[in-house]
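just to be clear, the model below is a prediction. Sequence and coordinates:
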Amino acid sequence: QVQLVESGGGLVQAGGSLRLSCAASGRTFSNYAMGWFRQAPGKEREFVAAINFSGTYTTYADSLKGRFTISRDNSKNTVYLQMNSLKPEDTAVYYCTAGLNSYNLRIKVVASWGQGIQVTVSS
């Protein structure tokens, strides 16, 4: 399996931006679709975004379209999540994931999970 390590989280004011990164190691990164999930306190883990192995197709949770952008750099074995216009309700632990394809990731059929990284948006 591929190992995933997230970085770039932290505390930001409402309206601000953050970019999360996820570095992959182990298996061939470009063979995997990649994605992000998040889990807020007391809530279930939810799908955020996914990108196919080549970076030519992306999919997002409907509520996040237009504010979040997923991208990947296969030369760096890294996937990114650019988060703009952040809101307090975006506060959560964000998890990087790898899977067979974007559809599987969207329905939480995941091959690997990162350990998660905290994002806190203050009002």
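Nice, I can see it. Residues are numbered from 1 along each chain as shown.

model confidence at the spatially closest residue to residue 40 that is not a sequence neighbour, what's the number?
Sequence neighbours aside, residue 92 is the residue nearest to residue 40 in space, at 4.2 Å (criterion: Cβ to Cβ, 6 or more residues apart in numbering). Heads up, the C-betas are built off the backbone N, CA and C, glycines and all. pLDDT for residue 92: 98.

relative to residue 54, how far out is residue 92?
Distance of residue 92 to residue 54, given as Cβ to Cβ, to the nearest Å: 28 Å.

thinking again about what came up before, if I look at the residue nearest to residue 40, how far off is residue 85?
Look at residue 92 and residue 85: by Cβ to Cβ, they are 16 Å apart.

neighbour count for the two, which is higher?
More crowded of residue 92 and residue 85, by other Cβ atoms under 10 Å: residue 92, with 22 against 12.

many thanks, we can stop here.
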